[in-house]
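Undergrad: below are the sequence and a predicted model for it; my questions follow.
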Amino acid sequence: MPYPARSAPERGAGLRRLVGRVAGQLRAAGGSVLDTLLPPQCLACTAPTVAQGLLCAECFRAITLIGPPMCACCGVPFASLGLAGDRMCPRCAEAPRAFARARAALLYTEGAKPVLLAFKHADRTINARPLARLMARAGAELLAECDLIAPVPLHRSRLLSRRYNQSALLASHLSRIALRPHLPDLLKRVRATPPLGDRSAAERAALLDGAIALRRPGRVAGRRVLLVDDVLTSGATAEACARVLRAAGAAAVDVLAAARVPLQRETRRE
C-alpha cells in the first residue's frame with residue numbers, strides 16, 4: 001500500500017529537520033578536528049579543559065559572578081548582604097543616571113583580569129563568546145526588553161592600534177543569543193580621549209563631553225537600546241552614550257558589560 005503523499009508544509013518541515021541534523025553533525029565534526037589540532041585550554045591560563053571556551057576549575061573559583069544584592073540602577077554589587085530590593089548605591093541615589101539600568105556578569109577582580117585583559121589587549125577574541133554567554137545570563141531581562149543592541153564605540157585611532165572593538169564582538173554574540181538586531185556603527189567617537197583609569201568621575205565626564213556622536217539617528221527614536229561594554233567602572237562612558245541616544249529620542253537605554261569594578265575601586269579604572 002503506497003504511503004500517503006505529504007503536503008508542502010510537511011515536506012518543508014522534514015527538510016528543515018534534515019538540514020538541522022546535518023549542520024549539527026558538521027559542527028560536531030569541526031569541533032572534534034579543532035580540539036585535535038588545538039587542544040582546549042582555559043580562557044585565563046594554559047591548563048587543559050574538556051572543551052573550548054571554558055575556565056579550568058582553579059580559575060573558575062577565582063572569579064566572582066555578580067548577583068543580588070546590587071544597585072537597582074547601575075548594578076554595582078553591595079558589600080553587605082543586608083542591602084537588597086530596589087535600593088540604589090549612593091551615587092545613583094544622589095543624581096539620576098542617563099541610562100535606566102546597568103548589569104554586568106563578573107566582578108572586576110584579580111581572578112577576572114586574565115580573561116578580560118587578554119581579550120581586550122592580547123588578541124584573545126576567542127574569549128568573546130564565553131563572556132557573552134555569561135553576560136546573557138546576567139542581563140537576561142535587559143536583552144528580553146531591548147529593541148536593538150549597540151556597542152560602546154572606539155575612536156578610530158584606538159581601533160587601528162587594537163584592530164578590533166572588543167565591545168562590538170560582545171554585542172555581536174549577544175545579538176545572536178537574544179535574536180535582537182545589532183547595529184555596530186550606531187555610535188561613534190568623534191574625539192579621542194586620554195586613558196580614564198586614574199581620573200575621578202567628574203574628570204571622566206568632562207573628558208567625554210561631546211566625544212560621542214550618533215551615526216544613524218533614524219534607528220533609535222522610540223526604541224529601547226542596549227549598550228554593550230567590556231568593563232563598567234564609574235559609568236561615565238555609558239552616561240555619555242546614553243545622553244546622545246536619549247537626545248535622539250530613544251525610549252530608554254540600558255547597559256550590559258562583561259565586568260563591573262567594585263564600588264570602592266570605581267575611581268581607579270575604566
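TA: Good, I have the coordinates. What you see is a predicted model; the values in this text were computed from it and never measured.
Undergrad: pull up the distance across stretch 112-132, start to finish.
TA: 14 Å (C-alpha to C-alpha, to the nearest Å).
Undergrad: now find how far off-centre that stretch is within its chain.
TA: 12 Å (C-alpha atoms, centre = their mean, to the nearest Å).
Undergrad: touching that stretch from outside, list them.
TA: 43-45, 52-55, 59, 62-64, 105-106, 108, 162-164, 166, 169-170, 172-174, 177, 230-231, 258-259 (C-beta atoms under 8 Å, 6 or more residues apart in numbering). For every residue, glycine as well, the C-beta is placed using N, CA and C.
Undergrad: out of those, which are inside strands?
TA: A105, L106, D230, V231, A258, A259 (DSSP state E).
Undergrad: quick one on the thing from earlier: of the contacts of stretch 112-132, buried ones?
TA: Among the contacts of stretch 112-132, those buried by neighbour count (16 or more other C-beta atoms under 10 Å) are 43-44, 52, 55, 59, 62-64, 105-106, 108, 166, 169-170, 172-174, 177, 230-231, 258-259.
Undergrad: any idea which element L134 lies in?
TA: In this assignment (DSSP states H and E), L134 forms part of helix 128-138.
Undergrad: which stretches of the stretch 1-150 of the chain have low pLDDT?
TA: Scanning the stretch 1-150 of the chain for pLDDT under 70 picks out the ranges 1-37, 79-86.
Undergrad: quick one, strands of the protein?
TA: Under DSSP E, the chain gives strands at 101-107, 148-151, 187-189, 212-214, 224-232, 252-260.
Undergrad: how about those in CSV, adding distance to A122?
TA: Conversion of the strands of the chain to CSV gives the following (distance: least, C-beta to C-beta, whole Å):
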stretch, distance to A122
strand 101-107, 18
strand 148-151, 19
strand 187-189, 22
strand 212-214, 26
strand 224-232, 13
strand 252-260, 15
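Undergrad: M135: which of these is closest?
TA: strand 101-107 (4.6 Å; C-beta to C-beta).
Undergrad: the closest one to helix 128-138, inter-axis angle?
TA: Inter-element angle recorded for strand 101-107 and helix 128-138: 120 degrees (by axes from the mean of the first three to the mean of the last three C-alpha atoms, to 10 degrees).
Undergrad: quick check: G75 vs K188, distance?
TA: 26 Å (C-beta to C-beta, to the nearest Å).
Undergrad: those two - which one has more neighbours?
TA: G75 (24 against 16; other C-beta atoms under 10 Å).
Undergrad: hang on, that one packs against I66?
TA: Yes: counting by C-beta atoms under 8 Å, I66 is a contact partner of G75 at 7.1 Å.
Undergrad: hey, what's in contact with both of the two?
TA: With C-beta under 8 Å, 6+ apart as the test, G75 and I66 both reach R103, A104, R260.
Undergrad: so can I have CSV of those residues showing distance to H155?
TA: Converted to CSV, the shared contacts of G75 and I66 look like this (distance: C-beta to C-beta, whole Å):
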residue, distance to H155
R103, 26
A104, 23
R260, 23
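Undergrad: number of residues surrounding G249?
TA: 12.
Undergrad: next: R180.
TA: Neighbours around R180, by other C-beta under 10 Å: 17.
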